[in-house]
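1. sequence unknown, structure follows:
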């Protein structure tokens, strides 16, 4: 799991996306929060960069999306510069591991 963690933490911070979300939060807070809360945007960034390693550990796309959605307050904290990108990624990894241990996004044991 350490190898996966290191690979995830090497993912570049999406600075332009962060700026976009920050503007959205200022202009249309409800829409921004709803978009951020879905989590797919964070899941996609991580999944695109680590798909094979995630799959080899039994972590599936729905698990990652569920984890990203469940930590949306951390995502907002990152957007507002209250936590770092690496802290957000650490929280995502920690959360997806818990989801995997309790049976994945659909509550089924693999």
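-> That came through, no problem. This one's a predicted model, so the numbers in the text were calculated from it and none came from an experiment.

2. buried sites along the helix or strand of the chain with the lowest mean pLDDT?
-> Least confident helix or strand, the chain: helix 2-9 with a mean of 92, by mean pLDDT, DSSP states H and E. Of all the residues in helix 2-9, those buried under the rule 16 or more other CB atoms under 10 Å are 4, 5, 8. Every C-beta, even on glycine, is put in place using the N, C-alpha and C of the backbone.

3. what about the residue lying closest to the last one once chain neighbours are set aside, how many neighbours?
-> Nearest-residue entry for residue 8: residue 89, 5.3 Å, with adjacent residues in sequence omitted and distances by CB to CB, 6 or more residues apart in numbering. A count of nearby residues for residue 89, using other CB atoms under 10 Å, gives 21.

4. swap in residue 87?
-> Residue 87: 13 neighbours (other CB under 10 Å).

5. That one is in contact with residue 71, isn't it?
-> No. Between residue 87 and residue 71 there is no contact under CB atoms under 8 Å: 10.6 Å.

6. quick revisit: for the least confident helix or strand of the chain, give me every contacting residue.
-> If you take CB atoms under 8 Å, 6 or more residues apart in numbering as the criterion, helix 2-9 is touched by 46, 49, 50, 53, 54, 57, 86, 89, 90, 92, 93.
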